[in-house]
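[1] Okay, predicted coordinates and the sequence, questions at the end:
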Amino acid sequence: MFKKILLVLLVVSAPLFAETDVPHEKMTPVQAVVLGLVEGVTEYLPVSSTGHLILASQAMGMGKDETFRTSVNTYLIVIQIGAIFAVITVYGDYIKKLLLGLVNKSEEGRKLLISLVIAFIPAAVVGLLMDDLISQYLYGLWVTSAAWFLGGLALLKWNGQEDPEHHALHMNDLSVKQALLIGCMQVIAMWPGVSRSLVTIIGGRMVGLTLRHSVIFSFLLGMITLSAATGYKLLDSGSEMLESLGLQTILIGIVVAYFSAWIAVKSMVAYLKKHGLGIFGAYRIVLAVITVLLLSAGYIEA
């Protein structure tokens, strides 16, 4: 009898001692909250949310296991869902206009929708063609730090405060050429650390939009771009991410990202109108220097 019981126990417990392909690392709820806060606060600021997410995840030691790191990199895109819904909540009136424009019931919404689609095309094309190369060669802190530093210098040189005399164009009046230029600027932001918000705001100002309209157009364009990028990543490697990280922690980060992004979006337009972009330039340079020092000292990995 004892031998039979022992045999059953050995059979039942065998899987515990067998080698599996399941990653040894798991994302904790605390890590999910941190990533959600980082994503929400930085997504629509000109400081690069992707760069901050890479830094935060590396600082928390997420990535020593290669399979787990791949899932984390996917999640750094998927977590943008929270920021997308924040824009939908804050700018519901614009979303309504876009939907009415889609069914040809709002001329203003139709014009804005066309401009957004045109501005979205360059990033969509380049993203599909170069997604693997970007993930392989640009998702590192040395490269990100360089982008932070160069972007910071650009912001200090061009503070970006409101200039009504030379910038009076409404985003509903963008020409095809102007919308395409903003879209081409967005392509630059595929380099982590550059900041999609930064380059699209600058692109808007370059074609003559007011700072307020540049920021709002950046929000709306970001909603479309982030939705497409998130959908693509979910289809490409969503199941692996879900298996590796777990649904609960994934949802925690997204919910936290929503609320923190909602606060950031609500306050950003008013802040930029009064203070411009200079403070973000200084922040980027300081962050780049600190990150390089930490990398050089071995406190964080590239």
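    In hand now; what should we look at? Residues are numbered from 1 along each chain as shown.
[2] How many residues are close by residue 42?
    When neighbours are counted by other C-beta atoms under 10 Å, residue 42 registers 23. C-beta: built from backbone N, CA, C; applies to glycine.
[3] make that residue 54, sorry
    Around residue 54 there are 26 other residues, counting by other C-beta under 10 Å.
[4] in which helix or strand would I find it?
    helix 49-59 (DSSP states H and E).
[5] in the stretch 1-150 of the chain, which spans are helices?
    2-17, 29-42, 49-59, 66-78, 80-90, 92-102, 107-137, 141-157 (DSSP state H, counting those that start in this stretch).
[6] Which of the ones you listed sits closest to residue 208?
    Minimum separation from residue 208 across the helices of the stretch 1-150 of the chain (C-beta to C-beta) falls at helix 107-137, 13.1 Å.
[7] which of the residues in the closest one are buried?
    109-113, 115-116, 118-120, 122-124, 126-127 (16 or more other C-beta atoms under 10 Å).
[8] Return the member of those nearest to residue 212.
    So of the buried residues of helix 107-137, ranked by how close each gets to residue 212 (C-beta to C-beta), first place is residue 112, at 14.6 Å.
[9] That closest one contacts residue 97, correct?
    Yes: Residue 112 lies in contact with residue 97 (C-beta atoms under 8 Å); the separation is 6.6 Å.
[10] what is in contact with the two at once?
    Here residue 112 and residue 97 have no joint contacts, going by C-beta atoms under 8 Å, 6 or more residues apart in numbering.
[11] ok, back up a step: quick one: residues in contact with the helix holding residue 54.
    Counting by C-beta under 8 Å, 6+ apart, residues outside helix 49-59 touching it are 31, 34-35, 38-39, 42-43, 63, 72, 76, 79-80, 83, 139-141, 144, 147-148, 192-193, 195, 291, 300-302.
[12] what residue ranges in the stretch 101-250 of the chain score low on pLDDT?
    The stretch 101-250 of the chain contains residues with pLDDT under 70 at 137, 158-168.
[13] Now with 80, please.
    131-139, 157-168 (pLDDT under 80).
[14] re earlier: pick the most buried one from the helices of the stretch 1-150 of the chain.
    helix 49-59 (a mean of 23; mean count of other C-beta atoms under 10 Å).
[15] Excluding chain neighbours, give the residue nearest to residue 86 in space.
    The spatial neighbour of residue 86 that comes closest, neighbours along the chain excluded (C-beta to C-beta, 6 or more residues apart in numbering), is residue 261 at 3.7 Å.
[16] What distance do you get for that neighbour to residue 139?
    According to C-beta to C-beta, to the nearest Å, residue 261 and residue 139 sit 22 Å apart.
[17] If you count surrounding residues, which of these two has more?
    residue 261 (28 against 18).
[18] Name the residues of the helix or strand where the more buried one lies that are buried.
    Element membership for residue 261, per DSSP H and E: helix 247-275. Buried residues in helix 247-275, counted by 16+ other C-beta under 10 Å: 249-250, 252-258, 260-262, 264-265, 268-269, 272.
[19] Remind me what it packs against, helices and strands.
    helix 29-42, helix 66-78, helix 80-90, helix 211-245 (3 or more C-beta pairs under 8 Å, 6 or more residues apart in numbering; DSSP states H and E).
[20] how about those in a markdown table, adding distance to residue 154?
    Listed next are these as a markdown table, based on distance: least, C-beta to C-beta, whole Å:
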| stretch | distance to residue 154 |
| --- | --- |
| helix 29-42 | 18 |
| helix 66-78 | 24 |
| helix 80-90 | 23 |
| helix 211-245 | 15 |
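[21] looking at the ones you listed, which is closest to residue 280?
    helix 29-42 (10.3 Å).
[22] packing partners for the closest one?
    So helix 29-42, by 3+ C-beta pairs under 8 Å, 6+ apart, packs with helix 49-59, helix 66-78, helix 80-90, helix 247-275.
[23] Extract the C-alpha set from that helix and format it as PDB.
    The C-alpha trace of helix 29-42 is given here as PDB (Å, rounded to 0.1, in the frame of the first residue of the first chain):
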ATOM      1  CA  PRO A  29       1.500  44.400  -9.400                       C
ATOM      2  CA  VAL A  30       3.900  47.000  -8.100                       C
ATOM      3  CA  GLN A  31       5.900  46.900 -11.300                       C
ATOM      4  CA  ALA A  32       2.700  47.200 -13.300                       C
ATOM      5  CA  VAL A  33       1.700  50.300 -11.300                       C
ATOM      6  CA  VAL A  34       5.100  51.900 -11.800                       C
ATOM      7  CA  LEU A  35       5.000  51.300 -15.500                       C
ATOM      8  CA  GLY A  36       1.400  52.600 -15.700                       C
ATOM      9  CA  LEU A  37       2.300  55.800 -13.900                       C
ATOM     10  CA  VAL A  38       5.400  56.300 -16.200                       C
ATOM     11  CA  GLU A  39       3.300  55.700 -19.300                       C
ATOM     12  CA  GLY A  40       0.400  57.900 -18.300                       C
ATOM     13  CA  VAL A  41       2.500  60.900 -17.200                       C
ATOM     14  CA  THR A  42       5.000  60.800 -20.100                       C
END
